[in-house]
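*Asks:* Sequence and predicted structure are below.
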Amino acid sequence: MKFEKIKILYWSFWPILLLFVLGGYYFVPKVNDQSHLEVIPADVDAVILVNPIALFAAYERLLEDNPVALKEMESIKETGAEMDPSIGINPLKKVGIAHYKRNDEEQGFVVVVQLTNFKEFVKNANRRDNKPDPVNYADGKYILVEKDDQVFLKKGTIGILYQAQRGSVSKELAETLYHEFYENEKSLMQSEPSFLEAVNGKSQFSYWSINTSNLAENLNPHIAAINNLFNRKKVSLNIAENGLNTNGSMELKSESSIRIRDEEEVELIGNECFRFAASVDPDEFKGFFDIVLSEDKKYLISSWNGGVCASINGFKDVELKKVNITPSNDPLYPFNYDTVGVLSAGISNFAGKFENQFSYPFFTVACELDDVEGLKEQLAADSTITEVSGYYAYTLDNYFVKKKIPSGIFGNEIVLEPQRICFYFIDNSIVFSPELPEVDFVPQYATFHLKFDFQKFFETYTPKNMFDDLIMSQVSKYNFGAYEVNFKEIKDGHIFLEGNFNLTETKNHFIGFPLLINRLRSLASLPLL
């Protein structure tokens, strides 16, 4: 299973980072030369940059005032003695993690590092004992680890690790990666000034992407719609006294992509754990509603003025199924074929389908209309919509919810019920949800605002299986607060956003991240249920 293969990289990252910190690298002066990142070619659409020096300095400050946590972290080093502290990369140079897409069926992540020892880099990034020998190629070499869908490459002092997201690895792919990165005609640093700014910046973490990136689409159609408002995105993340601070500079697709409005307070209500509110260009944001509106129901938002609000209020242990095969450009995204020819609408990401692993979020979506009364008149002529006491509903053709119902002595029976979409009106807003609510949703609008409360998430989330329960029980032990993003200004075609991930007892949390990952490593060998 793909998820099992990519976990090697994830579970090894934090212990490697920890060894840097405990090894005393954090006090070394910052080095500005990041020329090794010039191997990232101009056609890459998304890159994460990790600045070890800035990150280690922040950890140093936290460790100085927390000897108990320092002792805990040292215990990881003692229990993980099999990992050599010399991990083979230069801690003074930034690490680049680029999204690589050869085609729709072959894509993955490329980690670019400045090497000190290629052998140690490979050893610590892949813990298998019997790995293939390096293959000399051109002016460098590569190692193909087919069992883990990994390729390690070296030319001079620049190392690359490729981890497949889709597809497998091969000799042909290894040689293609060598030419496209080490011998690129134009680098991303040369072609994108905003990426060069991120490379030269002092932030601990940076994320850069261009609109063509399909990472957002792989996560969720709602996220994809937000992504489409911007041409380029540059986000920095830094440790601060009150948690993690984020600063975003987003190049707007057009001047009207985001519309400034009088700010309203946006808050979570009841068991709500997430809320997004914005004022956008309706033409650029219609994809946000594709998951609830079929083509014949698009008239429901024909007078939409751009005010949009979305919420998560609980989670459902259900699977959404589509039983007829449709073209790949189906607007209801994402879908993946399974072995019996049924399309599964799960939460799709770099690890593949998750619909059998995690409960599905209960989304409520609202938008602000200019002509509510005119829409109500149109509803009277639509025979496919039912209405009871001011609440309306329709079904999505060919979409079904897979449910378990009691079936006498035979236990539970699996049935497919038509997926219904309910909607109702609150003042000048129309509100969509998969079920009628116990309490009507209260829309709130803003220029651009996002809030996620982790405590409410853990309180309302219902684990779907044992693996899910183990993960949540470990993560919830860390008393995370809320993540909130606020609008700052629009200037020179860019929107500037400020965010904060509020962590209760901040010092314990940042030092606790490696401890948490160390605990989760023990789950890496468990089968996904």
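*Replies:* Arrived safely, thanks for sending.
*Asks:* What residues of stretch 238-249 count as buried?
*Replies:* For stretch 238-249, the neighbour count (16 or more other Cβ atoms under 10 Å) marks 238-239, 243-249 as buried. C-betas here are computed from N, CA, C, even on glycine.
*Asks:* Nearest to Ala225 among those residues?
*Replies:* Closest approach to Ala225 among the buried residues of stretch 238-249 (Cβ to Cβ): Gly248, at 17.0 Å.
*Asks:* Please give the element, helix or strand, for that closest one.
*Replies:* Under the criterion DSSP states H and E, the helix or strand holding Gly248 is strand 243-252.
*Asks:* Am I right that Glu255 is in contact with Gly493?
*Replies:* Yes - under the criterion of Cβ atoms under 8 Å, Glu255 makes contact with Gly493 at 6.9 Å.
*Asks:* In terms of neighbours, single out the busier of the two.
*Replies:* With neighbours defined as other Cβ atoms under 10 Å, Glu255 and Gly493 compare such that Gly493 has more, 13 against 10.
*Asks:* Tell me the spacing between the more buried one and Ser257.
*Replies:* From Gly493 over to Ser257 the distance is 9 Å, taken as Cβ to Cβ, to the nearest Å.
*Asks:* what do you get for Ala46?
*Replies:* Applying Cβ to Cβ to Ala46 and Ser257 gives a distance of 19 Å.
*Asks:* And Val235, by the same measure?
*Replies:* According to Cβ to Cβ, Val235 and Ser257 sit 17 Å apart.
*Asks:* Which parts of the stretch 101-250 of the chain are strands?
*Replies:* All strands of the stretch 101-250 of the chain, identified by DSSP state E, counting those that start in this stretch, fall at 106-114, 135-137, 140-145, 150-155, 158-166, 205-210, 230-240, 243-252.
*Asks:* just the stretch 351-500 of the chain next, same as before
*Replies:* Using DSSP E, counting those that start in this stretch, strands in the stretch 351-500 of the chain cover 352-353, 360-369, 386-388, 391-406, 412-426, 429-433, 448-453, 480-491, 494-503.
*Asks:* mean pLDDT lowest for which of the ones you listed?
*Replies:* Among the strands of the stretch 351-500 of the chain, strand 352-353 carries the lowest mean pLDDT, a mean of 34.
*Asks:* my guess is Ser170 contacts Leu144, does it?
*Replies:* Yes - if you go by Cβ under 8 Å, Ser170 and Leu144 touch, sitting 7.5 Å apart.
*Asks:* Just want to know which of these two has more residues nearby.
*Replies:* Taking other Cβ under 10 Å, Ser170 and Leu144 do not tie; Leu144 has more neighbours (20 against 13).
*Asks:* where does this protein have low pLDDT?
*Replies:* Within the chain, the ranges that satisfy pLDDT under 70 run 1-32, 59-86, 212-224, 291, 316-360, 397-417, 464, 504-529.
*Asks:* domain ranges for it?
*Replies:* Annotated domains of the chain cover 2-210, 216-508 [automatic domain parsing].
*Asks:* circling back to that earlier point, now the strands of the stretch 351-500 of the chain in CSV, please, with extra columns for distance to Glu38 and mean neighbour count.
*Replies:* Compiled in CSV, the strands of the stretch 351-500 of the chain are given as follows (distance: least, Cβ to Cβ, whole Å; neighbours: other Cβ atoms under 10 Å):
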stretch, distance to Glu38, mean neighbour count
strand 352-353, 32, 17
strand 360-369, 41, 22
strand 386-388, 61, 11
strand 391-406, 47, 16
strand 412-426, 49, 15
strand 429-433, 47, 21
strand 448-453, 34, 21
strand 480-491, 30, 17
strand 494-503, 25, 19
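*Asks:* So for Glu105, which of the ones you listed sits nearest?
*Replies:* Glu105 lies closest, by Cβ to Cβ, to one member of the strands of the stretch 351-500 of the chain: strand 352-353, at 13.3 Å.
*Asks:* State the number of residues packed around Ser35.
*Replies:* Neighbour count for Ser35, taken as other Cβ under 10 Å: 13.
*Asks:* for Leu470, same thing?
*Replies:* 17.
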